[in-house]
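Visitor: no FASTA, just this:
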Ligand SMILES: C[S@@+](CC[C@H](N)C(=O)[O-])C[C@H]1O[C@@H](n2cnc3c(N)ncnc32)[C@H](O)[C@@H]1O
């Protein structure tokens, strides 16, 4: 009778604790790089579980730092772990981990904002977009100052199926400042509904996993942290170019407390503003007196579809930016008064995600 082949799960051999690693390599947290470390391995295990099964998976960890989350990823059975870390002080500690898991860890010292992830994993991983997601995950306890621009880059990559999404619908498990995590998952009419809610939800299933209290980090940040999981949708809810959708959504939320027509009007040059904005809302069947936070993704889809058609009818509409028009007017006025300065002309728009 053949001997039963029991699969022994991979466990890292005994290693210095993360606290000892921090001491050994004198890894004082750098505020400039938003370094807040997680030392509790039960918490890092819990983050990693949100990604789903990592057995034999390929994983990219963003900003591993002293390596707490890294240990949990390896203990979850990842076969190929790519670490992208900007701060070279962490590299010796990460090398120690790499030696403890031979052949599994690749270390890149670099900036995740410019790193070419489309070349980092083997093509055999590639899946058709409509298929199940590939066995590739991105996991990170992200620096707060990088998390939103990085996510917006990745959303654009999802829309174009580029970067980490050349392999298919790569899943992301990431941490954000709690307030940002709430915006990402906010539903229609909720107080946190924002640009970020629409941009993330039209492209992905976005799941809020759990909140980590600030006191769990060293040093303790001012805020709590939310863990969010993203699976790109097989069919985006809006099928227009990312930049066009971003422009419509940005304009609508420009005046988030006002009726939505105010932001929509700003998509058009002054001479045609009322006429074309009226036409856009009428054809999209969007009530002009609703607040931006009350609009559903289906409303944004209808608005983006009509706006796209108007852009093909009216030359230069797509590149029209009312802020530029206002800035020039303001500059002109100030120059006439003999004062030259840069400002938004006192307009009431908000340009934050
Ligand atoms: C909040 S700390 C988390 C560290 C570790 N993952 C943990 O959970 O304890 C963020 C990490 O990201 C790194 N980092 C900051 N900006 C980065 C960037 N642009 N690219 C790659 N890593 C970055 C920092 O050096 C730091 O190690």
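Guide: Received it, and whenever you're ready, just let me know what you need. All of these numbers come straight from a predicted model, not from anything done at the bench. Numbers count the residues shown, from 1 in each chain.
Visitor: contact partners for the closest residue to the ligand within the stretch 1-150 of the chain?
Guide: At 2.2 Å from the ligand, residue 63 is the closest residue in the stretch 1-150 of the chain, using CB to the nearest ligand atom. (C-beta placed from N, C-alpha, C; glycine too.) Residues counted as contacts of residue 63 (CB atoms under 8 Å, 6 or more residues apart in numbering) are 84, 85, 86, 112, 140, 141, 142, 143, 146.
Visitor: switch the cut-off to 7 Å
Guide: When contacts are counted by CB atoms under 7 Å, 6 or more residues apart in numbering, residue 63 touches 85, 112, 140, 141, 142, 143.
Visitor: could you pick out which of the residues you listed are near the ligand?
Guide: By CB under 6 Å from any ligand atom, the members of those lying near the ligand are 85, 112, 141, 143.
Visitor: for residue 171, what are phi and psi?
Guide: phi -90, psi 150 (degrees, to the nearest 10).
Visitor: can you count the residues close to it?
Guide: Neighbour count for residue 171, taken as other CB atoms under 10 Å: 23.
Visitor: got any ranges where the stretch 201-350 of the chain has weak pLDDT?
Guide: 338-350 (pLDDT under 70).
Visitor: mind telling me which residue of it is nearest the ligand?
Guide: Closest point on the stretch 201-350 of the chain to the ligand, by CB to the nearest ligand atom, is residue 217, at 7.4 Å.
Visitor: ok, that residue to residue 140 distance?
Guide: 14 Å (CB to CB, to the nearest Å).
Visitor: swap in residue 228?
Guide: 11 Å.
Visitor: swap in residue 222?
Guide: From residue 222 over to residue 140 (counting by CB to CB), the distance is 20 Å.
Visitor: of the two, who's got more company?
Guide: Taking neighbours as other CB under 10 Å, residue 222 and residue 140 compare with residue 140 leading, 21 against 7.
Visitor: pLDDT at that one, what is it?
Guide: Looking at residue 140, its pLDDT is 97.
Visitor: next, residue 61: secondary structure please.
Guide: strand (DSSP: H, G, I helix; E, B strand; the rest coil).
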